[in-house]
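>>> My questions are about this predicted structure, shown below with the sequence.
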Amino acid sequence: QVQLVESGGGLVQSGDSLRLSCAAAGRTFSMYAMGWFRQAPGKEREFVVTISWSGGSTYYADSVKGRFTISRDNAQNTVYLQMNSLKPEDTAVYYCATGARTATVSPQAYKYWGQGTQVTVSS
């Protein structure tokens, strides 16, 4: 069992940066790939980025490629999402997830989810 807690969300202006953190409780954190997903009001949850258990492989949604960077610190049981050049269309609740054996875009592969953190980008 893994518990996830996201933090770092907030209200920013277009072009600003934010860094989200996802802290995991559970000894198996380093065994799993991690993912970030987001859900905007009235829309389905969408994939943002994923990272393998080692951190050696990452995959980004086209909408965030070049602006967002994922990283993980297995010693600290934490994954980070650095978000730069934020746009109003990035406004959403951001969720971290784990429990997937490999880095994947499919939300069904992730067993454990955090409660989400709100990111709001004003124009």
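Structure's in. What do you need? Residues are numbered from 1 along each chain as shown.

>>> ok, how many other residues are close to V49?
22 (other Cβ atoms under 10 Å). In this view, the C-beta of every residue, glycine as well, is placed from N, C-alpha and C.

>>> This protein: strands as residue ranges?
Assigned by DSSP state E, the strands in the chain fall at 3-7, 10-13, 18-25, 33-39, 46-51, 58-60, 68-73, 78-83, 92-100, 112-113, 117-122.

>>> Run through the neighbouring helices and strands of the fourth one.
It refers to strand 33-39. With contacts defined as 3 or more Cβ pairs under 8 Å, 6 or more residues apart in numbering; DSSP states H and E, the secondary structure elements packing on strand 33-39 are strand 18-25, strand 46-51, strand 68-73, strand 78-83, strand 92-100.

>>> Pull out the buried residues from it.
Within strand 33-39, the residues scored as buried using 16 or more other Cβ atoms under 10 Å are 33-38.

>>> In stretch 105-118, which residues are buried?
Buried residues in stretch 105-118 (16+ other Cβ under 10 Å): 107, 109-110, 112-114, 116-117.
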